[in-house]
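>>> Predicted model and sequence follow; I will ask about them next.
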Amino acid sequence: MVGFLLGCILLVFCWPLALLMLVLSPLLLLVLLPLGLVGAMIGGIFMLVWGLITLPFRILFCRW
């Protein structure tokens, strides 16, 4: 909501910059989306490796 209001204010006061923002924001999203997916995959791999490393300790010291 705040972003929309800022976009409207920008459109009123500086419409060329607002049009440039309107065109560039989807392109920026398309560029950053694969980086977010790669980051999520690397985080998942680290969690998997940590789980495999700590599995014997969790099995040995498990309290039922």
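The structure has been received and is ready for your questions.

>>> Pull the number of nearby residues for L30.
9 (other C-beta atoms under 10 Å). Every residue, glycine included, has its C-beta placed from N, CA and C.

>>> what's the answer for the one 10 residues further on, then?
A40 has 10 neighbours, counted by other C-beta under 10 Å.

>>> Report the separation between it and L33.
Between A40 and L33 the computed distance is 11 Å (C-beta to C-beta, to the nearest Å).

>>> same question, L22
Distance, L22 to L33, by C-beta to C-beta: 18 Å.

>>> try P16
Where L33 is concerned, P16 sits at a distance of 27 Å (C-beta to C-beta).

>>> neighbour count winner among these two?
L33 (10 against 7).

>>> Helix or strand: which one has the more buried one?
Assessed by DSSP states H and E, L33 sits inside helix 15-60.

>>> what is the mean pLDDT for that helix?
In this model, helix 15-60 has an average pLDDT of 90.

>>> list the helices and strands that helix packs on?
With contacts taken as 3 or more C-beta pairs under 8 Å, 6 or more residues apart in numbering; DSSP states H and E, helix 15-60 sits against helix 2-13.

>>> From the chain's centroid, how far away is the helix it packs on?
Relative to its chain's centre, helix 2-13 lies at 24 Å (C-alpha atoms, centre = their mean, to the nearest Å).

>>> Just the angle for that helix relative to helix 15-60, thanks.
Computed by axes from the mean of the first three to the mean of the last three C-alpha atoms, to 10 degrees, the angle separating helix 2-13 from helix 15-60 equals 160 degrees.

>>> Now do L19 against G7, distance only.
Here L19 is placed at a distance of 11 Å from G7 (C-beta to C-beta).

>>> let me fix that: L27
16 Å.

>>> who's more crowded, those two?
Neighbours per residue, other C-beta under 10 Å: of L27 and G7, the larger number sits with G7, 14 against 9.
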